[in-house]
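Q: Structure for this input, please:
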Amino acid sequence: MSDFVDLIAVILVGGQGTRLRSVVSNQPKVMAKVNDRPFLTFLLDYLNRSGIKCVVLCTGYLGKQIQDHLGSIYGHLHIIYSQESEPLGTAGALRLALPLLKSDPVLVMNGDSFCQANLKEFWAWHFTQKSEATLLLTEVHDTKRYGRVKVGERGRILEFTEKNNQSQAGWINAGIYLLSQRLLRSIPEDRPASLEREILPLWISRGLFGYQSRGSFIDIGTPEAYLKAERFFAPNLSQ
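A: Numbers count the residues shown, from 1 in each chain. Purely as a prediction, here's the structure:
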């Protein structure tokens, strides 16, 4: 079992944010301002508080804006950049960055969502299950925007259900993962691929687990969701 402080984090920040263009334009989605600061900085603060020392940012669309703003140091975090030359999707971007990801497992985070979970507990549970891939799950009142995750005994993931028009409570993928080097190497090279739609469903048969967290969750994928972020990260709620 490796040490938590040696865990390498990677944040997927390459998305174009086309659905946010009406409220955020000419910048990467993760640089959208929330309470007068980029959304991405809330994720970096979260990693800092958790004790992570190194983060790789998988950049794409207007990635130089992110690098120019953040540089190579943020608090106690050392920042490394992996810039894609063409859109590779979430899994393709991870595969491109693999030479920079030195820990096993690797902590992977979506750059456009936030879940207030305890990362050390998540990491410890991952090792207890002897898992090669663990998703952090959160329960929401309405899953129709996200799709649902069906979980069985010992947290084993049984099925991903696609987004639909049914309004119901359930567990969703919170966009935080612990992934083994072996599984990361199995992602196809040099072509676009979606972690959520293509790769994770394939990994169910290889033993995919879900850690069920009660942490508060938000994403900024739509203008409506983005407008809720200011309240979510109000000073008395952000710790």
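
Q: hang on, Leu119 packs against Arg49?
A: No. With contact defined as CB atoms under 8 Å, Leu119 does not count as touching Arg49 (9.1 Å). Using the backbone N, CA and C atoms, a C-beta is placed for each residue, glycine as well.

Q: quick one: Phe4 from Val56, how far?
A: Distance, Phe4 to Val56, using CB to CB, to the nearest Å: 17 Å.

Q: Can you pick out the residue with more neighbours from the two?
A: Each of Phe4 and Val56 has its neighbours counted (other CB atoms under 10 Å); Val56 has more, 23 against 15.

Q: Would you report the backbone torsion angles of the more buried one?
A: Backbone torsions for Val56, taken as degrees, to the nearest 10, come to phi -100, psi 130.

Q: Enumerate every residue touching it.
A: 8-11, 79-82, 97, 100-101 (CB atoms under 8 Å, 6 or more residues apart in numbering).

Q: okay, the residues you listed in TSV with pLDDT next?
A: Shown next, in TSV, are those (pLDDT from 0 to 100):
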residue	pLDDT
Ile8	98
Ala9	98
Val10	98
Ile11	98
Ile79	98
Ile80	98
Tyr81	98
Ser82	98
Ala97	98
Leu100	98
Leu101	97
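
Q: Show me the residues you listed that map onto strands.
A: Mapping the contacts of Val56 onto strands (DSSP state E) picks out 8-11, 79-82.

Q: What segments of this structure are strands?
A: Using DSSP E, strands in the chain cover 8-13, 33-34, 37-38, 54-59, 73-74, 77-83, 106-110, 113-115, 133-140, 148-151, 157-161, 170-179, 208-213, 217-219.

Q: neighbouring contacts of the fifth one?
A: Contacts of strand 73-74 with the rest of the structure, by CB under 8 Å, 6+ apart, involve 41, 44, 48, 55, 79.

Q: ok, 7 Å please
A: 44, 79 (CB atoms under 7 Å, 6 or more residues apart in numbering).

Q: The lengthiest helix in the chain: which residues count as buried?
A: Secondary structure of the chain per DSSP state H: the longest helix is helix 39-50. Buried residues in helix 39-50, counting neighbours by 16 or more other CB atoms under 10 Å, are found at 39-48, 50.

Q: Would you mind putting those into a markdown table with pLDDT alongside?
A: Compiled in a markdown table, those are given as follows (pLDDT from 0 to 100):
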| residue | pLDDT |
| --- | --- |
| Phe39 | 96 |
| Leu40 | 97 |
| Thr41 | 98 |
| Phe42 | 97 |
| Leu43 | 98 |
| Leu44 | 98 |
| Asp45 | 97 |
| Tyr46 | 97 |
| Leu47 | 97 |
| Asn48 | 96 |
| Ser50 | 96 |
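
Q: May I see those organised as CSV, with distance to Glu230 added?
A: Output for the buried residues of helix 39-50, formatted as CSV (distance: CB to CB, whole Å):
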residue, distance to Glu230
Phe39, 11
Leu40, 15
Thr41, 14
Phe42, 11
Leu43, 16
Leu44, 18
Asp45, 16
Tyr46, 17
Leu47, 21
Asn48, 21
Ser50, 23
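
Q: tell me the contacts of Ser2?
A: Ser2 neighbours (CB under 7 Å, 6+ apart): 103-104.

Q: State the distance from it to Leu94.
A: The value you get for Ser2 to Leu94, if CB to CB is used, is 19 Å.

Q: cool, Val23 as well?
A: Distance of Val23 to Leu94, given as CB to CB: 28 Å.

Q: next one: Gly17
A: In terms of CB to CB, Gly17 sits 19 Å off from Leu94.

Q: between these two, who's got more neighbours?
A: Leu94 (25 against 22).

Q: With Arg214 as the reference, measure out to that one.
A: For Leu94, the distance to Arg214 - CB to CB - is 27 Å.

Q: pLDDT weak spots in this protein?
A: Low-confidence segments of the chain, defined by pLDDT under 70, are located at 1, 235-239.
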